[in-house]
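Undergrad: Okay, structure incoming, though there's no sequence with it:
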């Protein structure tokens, strides 16, 4: 049962980041944009049962919850804390999911696998730490030719700057290793 160590605001005024003392997962990101998508995740389902919750994203020692902008954060944060505290901590199941996700890379050509590895190294070193600090992240959906498809998670998913400034910044950073790359957010 994770205990909440801290609660932080994010650049997205409609999202709060809850820092936990125990991990919820081991490197496996869980991102849900609605209650239907979260139906097989007990923690996310419980959070979507709370009025005004519109997005749930968690990984390791933190969880970001986004609201519709209609609720008072002080009251809503108290409601959100209960399901978080009741959630089970990370398990071996998370490690299995990471291994399964890594196997998906084998479907790409060797050349594209190497390109994607270089892209992910840059994302891990230069982009994801900033997004995670702000309560979000990005997930690479695919690499097709010179088009990298990403999906923003957590606070980044509904932040206005993620579609304009942040996306352009990510693309410009990636152009240092892939000059012709185009980044598209879904």
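TA: It's in. These numbers come from a predicted model, not from an experiment.
Undergrad: Quick check: buried residues in stretch 32-39?
TA: Along stretch 32-39, these residues count as buried under the neighbour rule (16 or more other Cβ atoms under 10 Å): 32, 33, 38. In short, each C-beta sits where N, CA and C put it, glycine included.
Undergrad: Let's test this: mean pLDDT of it, rounded?
TA: Average pLDDT, stretch 32-39: 95.
Undergrad: Tell me where the chain is predicted with low confidence.
TA: For the chain, the stretches with pLDDT under 70 are 1, 91-106, 158, 160, 162-163.
Undergrad: All the helices of this structure, in order from the start?
TA: Along the chain, counting by DSSP state H, helices occupy 42-48, 73-86, 92-103, 110-122, 128-133, 160-161, 167-174.
Undergrad: Need the contact partners of stretch 28-48.
TA: The contact list for stretch 28-48 (Cβ atoms under 8 Å, 6 or more residues apart in numbering) reads 24, 49, 53-59, 63, 65, 80, 83-84, 86-87, 94, 97-98, 101, 137, 139, 151, 153-154, 157.
Undergrad: could you flag which of these are buried?
TA: Counted by 16+ other Cβ under 10 Å, the contacts of stretch 28-48 give 24, 53-59, 63, 65, 80, 83-84, 87, 94, 97, 137, 151, 153-154, 157 as buried.
Undergrad: Domains in the chain, by residue range?
TA: Per automatic domain parsing, the structural domains of the chain span 4-96, 105-185.
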